[in-house]
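**Q** pasting the sequence and the predicted model now:
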Amino acid sequence: MQKQHGNSFEKTGLKSLLESRGVQEILVCGLVTHGCVRSTCIGGVREGFATRLLANGHSNWHAFAELKIAETESELRRLGVAVIYRDSL
């Protein structure tokens, strides 16, 4: 599936595809933490999916990358995204 926006749900058939397969929960990882990863997590929550973000499964090229990761994970937790670690899968 190709996308043109940070949020993978925006103007794509992703929601329909997932629903047609009975998916109720998504696990997000990728680049860029405070860009596409953040937008897709928020999109997943808005579309009604239980949304989880894989800690250490996303990154970015920001000069203060670790700070951006911590800030974004904190924001997403407040918005209802579960930040999980590999050993809790």
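**A** Sure, I can see it.

**Q** residues near the closest residue to Gly6 other than its chain neighbours, how many?
**A** Distances taken as Cβ to Cβ, 6 or more residues apart in numbering place Ser39 nearest to Gly6, at 3.6 Å, with adjacent residues excluded. Heads up, the C-betas are built off the backbone N, CA and C, glycines and all. When neighbours are defined as other Cβ atoms under 10 Å, Ser39 has 18 of them.

**Q** phi, psi of Ser39?
**A** phi -60, psi -40 (degrees, to the nearest 10).

**Q** contacting residues for it?
**A** Neighbouring residues of Ser39 by Cβ atoms under 8 Å, 6 or more residues apart in numbering: 5-8, 10.

**Q** now, which of these sits nearest Gln24?
**A** Proximity of these to Gln24 was ranked by Cβ to Cβ; the top entry is Ser8 with 16.5 Å.

**Q** show me what contacts the closest one?
**A** Contacts of Ser8 (Cβ under 8 Å, 6+ apart): 1, 14, 36, 39-40, 43.

**Q** now swap in Glu25 and tell me
**A** So Glu25 contacts 49-52 (Cβ under 8 Å, 6+ apart).

**Q** one more: Asn60?
**A** Asn60 touches 31-35, 68-69, counting by Cβ under 8 Å, 6+ apart.

**Q** would you mind measuring from it to Thr33?
**A** 4 Å (Cβ to Cβ, to the nearest Å).

**Q** common neighbours of the two, please.
**A** Contacts common to Asn60 and Thr33, judged by Cβ under 8 Å, 6+ apart, are 68-69.

**Q** parallel or antiparallel, list what pairs with the lengthiest strand in the chain.
**A** Taking DSSP state E as the criterion, the chain has its longest strand at strand 50-59. Paired neighbours of strand 50-59 in the sheet (DSSP bridges): strand 25-31 (parallel), strand 82-84 (parallel).
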